[in-house]
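Student: any chance you can model this:
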Amino acid sequence: MPAVANIVLNDAQATPVAHTFIPLGPDTEGAWWFEDQSGSTPLGYKRISVKLTRPLPGGAGARSDSSRVNRVKITIHDPVQEALGTSDSGIVPPPTLAYVSRCNIEFVLPERNSLQNRKDLRKYADFLLANAQITALVEDLQNYF
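Tutor: Residues are numbered from 1 along each chain as shown. Alright, predicted model coming up:
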């Protein structure tokens, strides 16, 4: 079991900026939360959630070996705040959330798979996200033709 530590990710700016996500701890559902507190207000902090769900011990509640899976769910939350001007009285209004972009990645890992199976799957996901077709889909919203 790894000890919880900061997660550092670079953005896609022309000059990449490293964002440090510090661990906040688990929520009531068991997901660990990490937060990049470099924004101007908590409303705009980028966040990562990570959750591992294991099958019930001893096969309880399972119909077959094929339904006994571990699930790893990782979500990236990238909020964007509204650009606000000043009010008529010259007071800046409170921050407002415009929208939140999200990325959900879920690994479904049967208990029977090997360490090499899990390594391969993670590596495939890594390379898939760097693939030119996937990049065009996500960044440019260009569908297949």
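
Student: now do the helices in this protein.
Tutor: Counting by DSSP state H, the chain has helices at residues 115-130, 132-140.

Student: mind giving me the domain split of the chain?
Tutor: Following automatic domain parsing, one gets these domains for the chain: 7-113, 114-145.

Student: hey, where'd the strands end up in this structure?
Tutor: Counting by DSSP state E, the chain has these strands, from start to end: 7-10, 18-26, 32-36, 46-53, 69-81, 97-110.

Student: name the residues of the shortest one that are buried.
Tutor: So the one you mean is strand 7-10. Judged by neighbour count using 16 or more other CB atoms under 10 Å, strand 7-10 contains no buried positions. For the C-beta atoms, the positions are set from N, CA and C on the backbone; glycine is no exception.

Student: tell me the mean pLDDT over it?
Tutor: Average pLDDT, strand 7-10: 94.

Student: poorly predicted segments of this structure, please.
Tutor: Scanning the chain for pLDDT under 70 picks out 1, 59-66, 85-88.

Student: quick check: the residue at the greatest distance from the centre of it vs residue 6, distance?
Tutor: Ranked by distance from the centre of the chain (CA atoms, centre = their mean), the top residue is residue 89, with 40.0 Å. To residue 6, residue 89 is 41 Å away according to CB to CB, to the nearest Å.
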